[in-house]
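Trainee: With the sequence up front, the predicted model follows.
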Amino acid sequence: MIVESPAKAKTIEKYLGKGFDVRASVGHIMDLPKNDIGVELKKRTFEPDLIVSPGKEKVVEQLKKLAAKAGEVYLAPDPDREGEAIAYHLALQLGTNAKERRKIRRVTFNEITKKAVQDAFNHARDIDQNLVDAQQTRRVLDRLVGYQISPLLWDKVRRGLSAGRVQTVALRLIVEREREIGAFQPVEYWTLDAILHPERRKESKFKARFIGINGEPARVANGKDKDGPDKNGKDQFIANALPDKKTTDAALADLKDAKWSIASIQSREQQRRPVAPFITSQLQRDAANKLGFNVRRTMGVAQRLYEGVDLGSEGTTGLITYMRTDSPRVAPEAVTAAREWIAKQLGAQYLPAAANVYKGKKDAQDAHEAIRPTDAARTPESIARYLTDEQLKLYTLIWKRFVASQMVPAVYDVTTANITADAKKAGKTYDFRVSGSVLRFDGFLKVYEVSEDKKDDDESANRLPNLDGVKVLERDELLPEEHATQPPPRYNEASLVKELEERGIGRPSTYASIINTIQDREYVVKHGGSRGRFYPTEIGVVVCDLMVKNFPYIFDTKYTAKLEEELDDIEEGKEKWTDLLNGFYDHFEKELKVAGKKMENIKRMEQVTNEKCDVCGSPLVLKWGKFGTFYACSAYNKKDPTSCTFTKENIASKPDLNTPEAQEAGDTEEYCENCGKVMVLRRGLFGPFMACPDYNADPPCRTFRKLSQKQQQKPPEPTGEDCPVCGKPLVLRQGAYGEFVSCSGYPKCKYIKQNLIPGMKCPKCGEGDIAERKARRGNIFWGCTNYPKCDFTSNYKPVPKKCPECGSPYLVEKVLKSGVYLECPNKKKAAEEEAAPKKRGKKTAAATEENAIVCSYSKRIGDAPPPPTAETHGPLIEKGKEEKRELQPA
């Protein structure tokens, strides 16, 4: 049996016993080539040119050998389109002839339990080509867009940028929301509350809200609805409000001597029905709202719960069903188990007469299930000691939601009182209303509290005194309050997932990657902690605007949603995958040709501004640089070294991070997308990177994420010293080869402080000092500061001490496994002379004569430092296996 991950293989292996060998493909084994588009476009067949993914050759060869010896081969990747595509690629590699193909079968299971895995063999089938075609079409669509638009961005904006088919649409939502906030005009309005109590019952106070005058509702105009049916939009109003202070003061004057009474009281029973078990998007939203988990962390923790956790005597057990699903359907046996637990633990009053049934958007009994515990009787408390804190939190959320979905509704008694204030002097009757609810029976709320956004003026939670038989009321006080309408909030991860789901953009398996991608590309930044909001960066806005302007059809939100529906049709066999691609490419090819000719060249932008140069007073121009726009002096001339070089940052182009939501404190930790653990910063051969702490665990989690150049850079830190050349402060900077100290006046002053060996001059030229250097490959060496005039270098740190044996003017410090030693540099020269082949010639003879000194001086001066570990130097990657850094293809 072949699965994707080692963790999944470890859990399944114990269920199958002897005769089975369970192996992992470690994700995808085939993909489109990296250096070519890999899709046939000349004849419009769109056939992908699949190759074995770089770094997976050994995995494939090993699986081929095992498959050749096996009597049967079962392919068991995840039960979705991507899993079906992995199974298809495995079948291509393993089924090289008819005999081999006959023994390959596909099995799927929604949960990793002994029963589910063993039952899967009773339903073994062939590869579902429709599922494969749907996934392959998505991959080809993304390749066509990314591979053909990205070069345009490199040419017109900045090298290294890229555009994704779905990610660009998600970015568009964030950019448009930011512009909506920037253009927002607040509207003033006032609310008016009255603190009342029944006549002669001052202890029974309650608060009622003003709603109108003489039976006419009070409302304040609030612009037009941008999504209205007609061009101008539908008029919008703020209910139960007064327009300004003048009107409010007039109402307060009228109500000063008003007579208050209850006009009517209505009482009714209201039921609140339980919610369906989680689908992916709802789990991501609830985990964000209730637990503060971001999408990446939620899916990583859920992955581990699905693949299995060691439960002591029970062994490794899968705790939840497959976590990428948009179906709320539940297997009948799981419903029965939940109902049995409810009846036994909570009582018959919490159990509905018949099981609750939930249907998805497609209203179909598809193969997927909702996210639920594999065993309802396995309560969070019973397994808490085996789970990490984050695993327990997420499992508890999933377990409670599922059990609650099979319980009876909660019942409320809701009372609404309509109140009149008769202002006889003004000839008006002011209308007030108060509503309150009391929970009579908790029902499903005994187990699960629904997460929802409550409005500020929601009065349903009010507790009302008994108003039976009450007619006359007395006023305690009036509470006018000024308000201003607020702009729509910026998206956070939960609200962005909700928006994508409601618009039909993307699918459960893609939400996490969409959000990760737009952050990794630095098109958006998130501020405000774990529940932080997304702010588009300047480069994000530029890319979004260029894409939407030049590809209006391809990056339209409705068209993107339509493509998702067509992919669903391919999965169900209703549409041919080549028909979808032909229709898409007709539009795309036209827009691509026009964009190639007409797209604005941001690189060459030079926009005149009203700003003046701080140095020479010339006008400043707005230019585009590596990290966005900046102001530069228009008097600058490359050919004239004396021309003005003044520049300054364009602060207005940066996201406004002074908002309360951006200043909100919160964790800035990053979580592994495969297991949910906190990623750690490590240093490797090519610089710092983020890695999962379980790299060397059993089973391992080899998740890496490279840091961009900008992410690696730290802001300069003052050292407290002054530059010896120009007197400006020295600062600590982060460079390509590590940290260094230089003048803050750079580029005018190019002073760099060097790490010199005190009291030592160059033994070769006698003039220069000896300074520490770092080579391109990261290794440290020491050299003369008079380079290139003097080429003295040493791979070991020179020490200004004379050799007691041969008189060498310096010694070197060597760090070996056996300890730290002071040695004569001539010892190495002598050893090299013996090993080197003999050469004849005047120069060689002269050099041999000069270095003919033989010295054996060596003195141990200390213990060796501890060897590098995964914690101090990053995961220990075996030679030739560096490709394991890349877990999955893009």
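Mentor: Arrived safely.
Trainee: Whichever strand or helix holds Gly436 packs against which elements?
Mentor: Using DSSP states H and E, Gly436 sits in strand 428-441. Applying 3 or more C-beta pairs under 8 Å, 6 or more residues apart in numbering; DSSP states H and E, we find strand 428-441 packed against strand 206-213, helix 245-255, strand 410-423. In short, each C-beta sits where N, CA and C put it, glycine included.
Trainee: That strand: which residues count as buried?
Mentor: Within strand 428-441, the residues scored as buried using 16 or more other C-beta atoms under 10 Å are 428-437.
Trainee: Please convert those residues to CSV, extending it with pLDDT and distance to Leu816.
Mentor: Formatted as CSV, these follow (pLDDT from 0 to 100; distance: C-beta to C-beta, whole Å):
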residue, pLDDT, distance to Leu816
Lys428, 94, 97
Thr429, 96, 97
Tyr430, 97, 92
Asp431, 97, 91
Phe432, 97, 88
Arg433, 95, 86
Val434, 94, 84
Ser435, 91, 81
Gly436, 89, 81
Ser437, 86, 78
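Trainee: related to what we said a few turns ago, so after the strand holding Gly436, what's the next helix or strand?
Mentor: Counting by DSSP H and E, what follows strand 428-441 is strand 472-484.
Trainee: Mind listing residues that contact that next one?
Mentor: 186-199, 202, 205, 207, 241, 245, 248, 252, 255, 258, 260-262, 419, 421 (C-beta atoms under 8 Å, 6 or more residues apart in numbering).
Trainee: among those, which are in helices?
Mentor: Among the contacts of strand 472-484, DSSP state H puts 245, 248, 252, 255 in helices.
Trainee: Return the member of those nearest to Ser856.
Mentor: Ranked by distance to Ser856 (C-beta to C-beta), those are led by Lys245 at 96.2 Å.
Trainee: burial of the closest one, as a residue count?
Mentor: 12 (other C-beta atoms under 10 Å).
Trainee: these two touch, right, Val725 and Cys749?
Mentor: Yes - contact criterion C-beta atoms under 8 Å: Val725 and Cys749 qualify, at 5.7 Å.
Trainee: hang on, the earlier thing: any chance of the ones in helices among the contacts of strand 472-484 in TSV, with pLDDT too?
Mentor: Below are the ones in helices among the contacts of strand 472-484 laid out as TSV (pLDDT from 0 to 100):
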residue	pLDDT
Lys245	96
Thr248	96
Leu252	96
Leu255	95
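Trainee: Could you save the residues you listed as CSV and add columns showing distance to Leu397?
Mentor: What follows is the ones in helices among the contacts of strand 472-484, written out as CSV (distance: C-beta to C-beta, whole Å):
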residue, distance to Leu397
Lys245, 46
Thr248, 45
Leu252, 48
Leu255, 48
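Trainee: can you pull the contacts of the residue lying closest to Tyr821 once chain neighbours are set aside?
Mentor: Of all residues not flanking Tyr821 in the chain, Lys814 sits nearest, at 4.9 Å (C-beta to C-beta, 6 or more residues apart in numbering). By C-beta under 8 Å, 6+ apart, Lys814 lies in contact with 796, 820-823.
Trainee: please redo it, this time with the cut-off set to 6 Å
Mentor: Applying C-beta atoms under 6 Å, 6 or more residues apart in numbering to Lys814 gives the contacts 796, 821, 823.
Trainee: Okay, now the sheet partners of the strand or helix carrying it, with direction.
Mentor: Element membership for Lys814, per DSSP H and E: strand 811-816. Here strand 811-816 is paired, per DSSP bridges, with strand 797-799 (antiparallel), strand 819-823 (antiparallel).
Trainee: Identify each buried residue in the first one, please.
Mentor: The reference is to strand 797-799. By 16+ other C-beta under 10 Å, the buried positions in strand 797-799 come out as 797-798.
Trainee: for it, the distance to its chain's centre please.
Mentor: Its chain's C-alpha centre and that of strand 797-799 lie 47 Å apart, by C-alpha atoms, centre = their mean, to the nearest Å.
Trainee: What is the burial count for Asn140?
Mentor: That one is not Asn; residue 140 is Val. By other C-beta under 10 Å, the residues close to Val140 number 24.
Trainee: Verify the assumption that it is located in a strand.
Mentor: No - assignment of Val140 by DSSP: H, G, I helix; E, B strand; the rest coil gives helix, placing it outside any strand.
Trainee: how close does it sit to Ser618?
Mentor: Going from Val140 to Ser618 by C-beta to C-beta, to the nearest Å gives 52 Å.
Trainee: just Ala384 next, same as before
Mentor: From Ala384 over to Ser618 the distance is 69 Å, taken as C-beta to C-beta.
Trainee: could you dump the helices and strands packed on strand 428-441 to TSV with distance to Ala355?
Mentor: Supplementary listing: the helices and strands packed on strand 428-441 in TSV, determined by distance: least, C-beta to C-beta, whole Å:
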stretch	distance to Ala355
strand 206-213	41
helix 245-255	54
strand 410-423	18
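Trainee: Mind jotting down where the helices sit in the stretch 751-890 of the chain?
Mentor: 825-835, 842-850, 870-873 (DSSP state H, counting those that start in this stretch).
Trainee: so who does His197 touch?
Mentor: Applying C-beta under 6 Å, 6+ apart to His197 gives the contacts 204-205, 474.
Trainee: which stretches of the stretch 651-800 of the chain aren't confidently modelled?
Mentor: Regions of the stretch 651-800 of the chain meeting the criterion pLDDT under 70 cover residues 654-669, 673-676, 683-688, 698-699, 706-715, 734-738, 747, 776-778.
Trainee: where does the residue nearest to Ile104 when sequence neighbours are not counted land on pLDDT?
Mentor: Of all residues not flanking Ile104 in the chain, Val73 sits nearest, at 4.8 Å (C-beta to C-beta, 6+ apart). Note on Val73: pLDDT of 96.
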